[in-house]
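[1] No letters, just coordinates:
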C-alpha cells in the first residue's frame, strides 16, 4: 500500500502536517471535538428535558434492544439513543432518525462518524 501524502494540519496557525484521516496533527488530534463541545451544558447542546422524554419514547419503541445488534441477530439491552444521521451531518431529532444502541455499538458508530 503506498504511503499517504502528508497534509497541513486543520488547526488554524499550525505548521504541522499529518497523514491521519482526522486532518489534525498529533498535537491537535483531539481538539476538533473538544472545541465543539467545550463549555456547553447538556441543555445547551440540545439534550435537556425534552431529550429525556424523547429518549424514553425511543427506548420503549425499540423494546430497550440495541438495533445494531438486532440487525446482526443478537438481542442486547440498549442503554443509549443515537441519531442515525448525526446532527453534525444534517440529521434531526425526529423519531425516524433515532435508534436505541448498546454502549459498544454507540461508541463504535460515534468513532466512525468522527473520521468522516
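    Done, it's in. Computed from a predicted model, the values in this text were never measured in an experiment. Numbers count the residues shown, from 1 in each chain.
[2] Mind checking what helix or strand follows the lowest-mean-pLDDT helix or strand in the chain in sequence?
    The helix or strand of the chain with the lowest confidence, counting by mean pLDDT, DSSP states H and E, is helix 31-37 at a mean of 57. With elements assigned by DSSP states H and E, the helix or strand that comes after helix 31-37 is helix 49-61.
[3] pLDDT averaged over that next one, what's the number?
    For helix 49-61, mean pLDDT is 95.
[4] Tell me the helix or strand right after that helix.
    helix 67-71.
[5] tell me how far that following helix is from the chain's mean position?
    17 Å (C-alpha atoms, centre = their mean, to the nearest Å).
[6] gap between the two ends of stretch 79-94?
    Using C-alpha to C-alpha, to the nearest Å, the end-to-end distance of stretch 79-94 comes out at 19 Å.
[7] Next, the buried residues of it.
    80-83 (16 or more other C-beta atoms under 10 Å). C-beta coordinates here come from the backbone N, C-alpha and C atoms, glycine included.
[8] Where does pLDDT dip in the protein?
    1-2, 31-38, 116 (pLDDT under 70).
[9] And it, split by domain according to the record?
    7-35, 49-114 (automatic domain parsing).
[10] Show me the one of the ones you listed that comes nearest residue 42.
    domain 49-114 (7.9 Å; C-beta to C-beta).
[11] Make CSV from the buried residues of stretch 79-94 and add distance to residue 103 to it.
    CSV is the format used below for these (distance: C-beta to C-beta, whole Å):
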residue, distance to residue 103
80, 7
81, 12
82, 11
83, 16
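[12] beta partners for residue 98?
    With DSSP bridges as the criterion, residue 98 is bridged to residue 83.
[13] do you know which of the domains of the chain lies nearest residue 41?
    domain 49-114 (12.2 Å).
[14] for that closest one, how far is the first residue from the last?
    End residues of domain 49-114 are separated by 26 Å (C-alpha to C-alpha).
[15] And for stretch 60-78?
    Span of stretch 60-78 from end to end, C-alpha to C-alpha: 10 Å.
[16] Likewise for stretch 43-56?
    End-to-end for stretch 43-56, by C-alpha to C-alpha: 17 Å.
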